[in-house]
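J.: Quick one: sequence and predicted model below, then my questions.
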Amino acid sequence: MKLRQTATAVTIGSFAVVFLTGALLFADLGIGGIRATHEWIGILFAGSGVVHLLTHKKSFYNYFKTARVIVIVGTLLAGGVIYATSFNDIYGSAVAFDLLSNADMKTLCAVLQRDPGFVSDQLQSMGLAVDRTDMTMVEIAQANKIDIHDIMDLLFQSQIK
């Protein structure tokens with residue numbers, strides 16, 4: 001198969017995976033390896049998109065010659081840049097996540113209205129080492145060599161109540 005056909009096939013396939021996993025994450029259904037799949041296939045999608053662009057450069061050049069396309073694409077790019085930079089990298093859920101993940105288990109459990117001893121026992125029954133209830137979620141994640149997002153996912157699952 002030619003590079004051009006391969007790039008197009010990989011771009012289409014990776015787009016489908018990124019679209020599906022992105023929709024699942026948006027709907028807060030990102031269980032298991034959905035987030036990691038979305039991120040890694042997203043990198044593949046970006047790379048294959050560049051190769052696709054390079055192997056179809058004449059078509060892209062002809063397409064982008066019209067003022068209408070330039071205005072639409074330029075407006076979308078400018079809007080995306082303005083939106084992405086307008087929050088000074090502060091996204092409400094990211095701030096809340098950082099506050100919760102850096103809180104010790106006692107404080108976090110008080111906020112979540114859960115018993116710290118029970119949550120600690122539940123996390124330990126899942127194979128995680130939890131030495132003390134005054135550990136932060138970040139410390140628990142580091143001690144267990146797992147991503148903080150996985151710890152927080154466990155805490156917010158219905159099985160730990």
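T.: Noted; the coordinates are in hand. Numbers count the residues shown, from 1 in each chain.
J.: Could you list the buried residues of the host helix or strand of Gly117?
T.: Assessed by DSSP states H and E, Gly117 sits inside helix 116-125. Residues 116, 119-120, 122-123 are the ones in helix 116-125 that count as buried (16 or more other C-beta atoms under 10 Å). C-betas here are computed from N, CA, C, even on glycine.
J.: Roughly how far does the residue nearest to the spatial centre of the chain sit from Leu20?
T.: Geometric centre of the chain, nearest residue: Arg35, 5.0 Å, by C-alpha atoms, centre = their mean. Remark: distance between Arg35 and Leu20 (C-beta to C-beta, to the nearest Å) = 13 Å.
J.: ranges for the helices of the chain?
T.: With DSSP state H as the criterion, the chain has helices at 3-26, 34-55, 57-63, 67-86, 92-101, 105-112, 116-125, 137-144, 148-156.
J.: Can I get those in CSV including distance to Asp131 and mean pLDDT?
T.: Listed next are these as CSV, based on distance: least, C-beta to C-beta, whole Å; pLDDT from 0 to 100:
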stretch, distance to Asp131, mean pLDDT
helix 3-26, 32, 92
helix 34-55, 27, 92
helix 57-63, 57, 86
helix 67-86, 40, 85
helix 92-101, 17, 78
helix 105-112, 10, 83
helix 116-125, 9, 84
helix 137-144, 7, 89
helix 148-156, 14, 81
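J.: that older thread, count of residues packed around the residue lying closest to the residue nearest to the centre of the chain once chain neighbours are set aside?
T.: The shortest distance from Arg35 to any non-neighbouring residue, by C-beta to C-beta, 6 or more residues apart in numbering, is to Leu25 (6.4 Å). Using other C-beta atoms under 10 Å, Leu25 has 15 neighbouring residues.
J.: one step back: can you tell me which of the buried residues of helix 116-125 is closest to Asp134?
T.: Pro116 (9.0 Å; C-beta to C-beta).
J.: correct me, but the closest one touches Lys106?
T.: Yes: taking C-beta atoms under 8 Å as the definition, Pro116 is a contact partner of Lys106 at 5.0 Å.
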